[in-house]
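S.K.: the following comprises the amino acid sequence and a computationally predicted model.
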Amino acid sequence: MLSKKAQLLKPSPTLAMANKARELQAQGHPVISLTVGEPDWPSFRVANQAAMEAIEQGFTKYTAAAGIPELRAAIAKVTSDEVGVSYTAAQTAVAPGAKFVIYALLQMLINPGDEVLIPTPYWVSYPTMAELAEAKVRFIECGESENFKLTAEKLKNALTEKSRVLILCSPSNPTGLSYSVTELKALADVIAQHPQLVVISDDIYNKLVFQSSKDLLQNAEGLKRAPQLLNVAPQLKNQVVIVNGASKSYSMTGWRVGWALGPEPLIKVLADFLSQSTSNVTSISQKATLAALQKGGPELKEAVAKLEAKKNRMLELFQKNLNLIKVTPPDGAFYFWLKVDSCFNRSMDHQGQKIVLKNSIDVAKIWLEKYFVAVVPGIEFGSEGYIRMSIAASDKDLDEAYHRLKKFESELQ
Ligand SMILES: Cc1ncc(COP(=O)(O)O)c(C=O)c1O
């Protein structure tokens, strides 16, 4: 009964772990869930206010499929200022979440058998979305020696005449690491030599960045952001599609607003695709996003400062006091990318049995089932030996999680 495409579908592993955590919680266990990539602070007040006004003013009907003109224009303006390349509203489309934007872009860019290049570790949804577009997925392994980032050399070696799309994410989910200007320049040189290649630049975390990270850019309000390809290579404008959204920067995950900016013919078909599939993003969410973009700066500054303080505190605790679990200091986003391979081939007593931990799934499982700390195993992001832990949680929960992981280390045999 099911199509081949339907059979390809895998549920999101992050959501699967979150569900398992919820199940244990429902059974009365004190689970701390550090799985899902979601800010733990509220949606911005300016957004909430604008949404309420939209409802009161009856702004609750269909809009243009690719978004209301004023939102498209505001996104174009903000993004042009950020990347130093000029975009118009017609080169901008709004869709229900950055996830759907990437899905839709791949549907518009890929012919069956075209290659989508995905550096590992990657955000869990990229490979499945590429497969659903009937692409051939080529993973480019980027390990510890490359600081988990794609290098020009690796890109050059991976490219073939079938390579159609490269997905870059900076700061990265899952590692939180950003590309420096030098690294971006080196990649840009290779990309420029392959004009058939389109880069989907997933910039969803670009405003959740820490002072410690290299080469941060800054707007007139003093808001920091990570650099991206067009900042260093504006001449690549026709090869780059920028993806961003309201979910992470403005803590608006439930509002479902994402967007793309790129060459007009691509954005035009993307708009047609939206008009034939989802139609517009909720009218109210669009008004809320417009307010967040125009007036959310102060709240964003506050949110990032709090996130940075949390990151610094946890980093210090982990680096000082954990011996087996090693953390890579992130440049942004809200994840710790934990190296846990020193725990492999060691054992642990659990429910009357001796369990030998062989991989990241075993480690994540024991953390959840014995210590009630829910995280996502690195293998789900294409990198064995690691665990992704969200730090977008309360200080109380993070402290407790840290104590439980310390206990885990002390009980590992
Ligand atoms: C790297 C990355 N890209 C895109 C998204 C999608 O965000 P949304 O669909 O909520 O806009 C996420 C969300 O987890 C993400 O981590």
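M.R.: On my side now, so go ahead.
S.K.: list the contacts for the residue of the stretch 1-150 of the chain found nearest the ligand?
M.R.: The ligand sits closest to residue 97 of the stretch 1-150 of the chain, with a gap of 2.9 Å, by CB to the nearest ligand atom. For the C-beta atoms, the positions are set from N, CA and C on the backbone; glycine is no exception. Going by CB atoms under 8 Å, 6 or more residues apart in numbering, residue 97 touches 245, 247, 256-258.
S.K.: contacts with the ligand among these, please.
M.R.: Among those, the residues that sit close to the ligand (CB under 6 Å from any ligand atom) are 245, 247, 258.
S.K.: strands of the stretch 101-250 of the chain, start to end?
M.R.: 115-120, 136-141, 163-169, 198-202, 217-218, 224-225, 240-245 (DSSP state E, counting those that start in this stretch).
S.K.: orientation of the first one relative to strand 163-169 in degrees?
M.R.: Relative orientation of strand 115-120 and strand 163-169, computed by axes from the mean of the first three to the mean of the last three CA atoms, to 10 degrees: 30 degrees.
S.K.: around the ligand, pick out the residues from the stretch 1-150 of the chain.
M.R.: Listed as neighbours of the ligand in the stretch 1-150 of the chain under the rule CB under 6 Å from any ligand atom: 37, 97-99, 123.
S.K.: reformat the residues you listed as a markdown table; add secondary structure and pLDDT.
M.R.: A markdown table is the format used below for those (DSSP: H, G, I helix; E, B strand; the rest coil; pLDDT from 0 to 100):
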| residue | secondary structure | pLDDT |
| --- | --- | --- |
| 37 | coil | 83 |
| 97 | coil | 98 |
| 98 | helix | 98 |
| 99 | helix | 97 |
| 123 | coil | 96 |
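S.K.: which one of those residues is nearest to residue 294?
M.R.: residue 98 (19.5 Å; CB to CB).
S.K.: my read is that the closest one contacts residue 242, right?
M.R.: No: here residue 98 does not reach residue 242: they are 10.4 Å apart, not a contact under CB atoms under 8 Å.
S.K.: between these two, which one's more packed in?
M.R.: For residue 98 versus residue 242, neighbours defined as other CB atoms under 10 Å are more numerous around residue 242 (27 against 23).
S.K.: just list whatever residues bridge to that one.
M.R.: Taking DSSP bridges as the rule, residue 242 bridges to residue 201, residue 261.
S.K.: give me the local confidence score for it.
M.R.: Residue 242 carries a pLDDT score of 98 in this model.
S.K.: can you give me the distance of it to residue 175?
M.R.: Using CB to CB, to the nearest Å, residue 242 is found at 20 Å from residue 175.
S.K.: quick one: which of the contacts of residue 97 sit in helices?
M.R.: Counting by DSSP state H, no part of the contacts of residue 97 is found in helices.
S.K.: most neighbours, which of those residues?
M.R.: Highest neighbour count within the contacts of residue 97, by other CB under 10 Å: residue 257, with 30 neighbours.
S.K.: contacts only, for residue 313.
M.R.: Residue 313 sits next to residue 395 when contact means CB under 8 Å, 6+ apart.
S.K.: where does it fall, secondary structure wise?
M.R.: Following DSSP states H and E, one finds residue 313 within helix 297-321.
S.K.: so what does the helix or strand just after that helix touch, helix or strand wise?
M.R.: Using DSSP H and E, the helix or strand that follows helix 297-321 in sequence is strand 326-328. Counting contacts by 3 or more CB pairs under 8 Å, 6 or more residues apart in numbering; DSSP states H and E, strand 326-328 is packed against helix 297-321, strand 335-339.
S.K.: which other residues reach strand 326-328?
M.R.: For strand 326-328, contacts defined as CB under 8 Å, 6+ apart pick out 147-148, 175-177, 315, 318-319, 336-339, 342.
S.K.: related to what we said a few turns ago, got a markdown table for the strands of the stretch 101-250 of the chain, with distance to residue 22 too?
M.R.: Output for these, formatted as a markdown table (distance: least, CB to CB, whole Å):
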| stretch | distance to residue 22 |
| --- | --- |
| strand 115-120 | 28 |
| strand 136-141 | 30 |
| strand 163-169 | 27 |
| strand 198-202 | 27 |
| strand 217-218 | 39 |
| strand 224-225 | 34 |
| strand 240-245 | 25 |
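S.K.: could you say which of the helices and strands packed on strand 326-328 is packed most deeply?
M.R.: strand 335-339 (a mean of 24; mean count of other CB atoms under 10 Å).
S.K.: partners of it in the sheet?
M.R.: Partners of strand 335-339 in its sheet, by DSSP bridges: strand 326-328 (antiparallel), strand 386-390 (antiparallel).
S.K.: list the buried residues of the first one.
M.R.: It refers to strand 326-328. For strand 326-328, a neighbour-count test (16 or more other CB atoms under 10 Å) marks 326-328 as buried.
S.K.: looking at those residues, which one is closest to residue 293?
M.R.: Nearest to residue 293, judged by CB to CB, of these is residue 328 at 31.2 Å.
S.K.: what's the pLDDT at the closest one?
M.R.: For residue 328, the model assigns a pLDDT of 94.
S.K.: tell me how far it lies from residue 290.
M.R.: With CB to CB as the criterion, residue 328 and residue 290 are 36 Å apart.
S.K.: now do the helix holding residue 313 against strand 335-339, angle only.
M.R.: Helix 297-321 runs at 20 degrees relative to strand 335-339, counting by the same axes, to 10 degrees.
S.K.: what pLDDT, on average, does helix 297-321 get?
M.R.: Average pLDDT, helix 297-321: 96.
S.K.: for stretch 275-283, same thing?
M.R.: 97.
S.K.: what is the burial count for residue 144?
M.R.: The tally of other residues near residue 144 (other CB under 10 Å) stands at 12.
S.K.: what's the nearest residue to it if we skip its chain neighbours?
M.R.: Leaving out its chain neighbours, the residue that sits closest to residue 144 by CB to CB, 6 or more residues apart in numbering is residue 339, at 7.5 Å.
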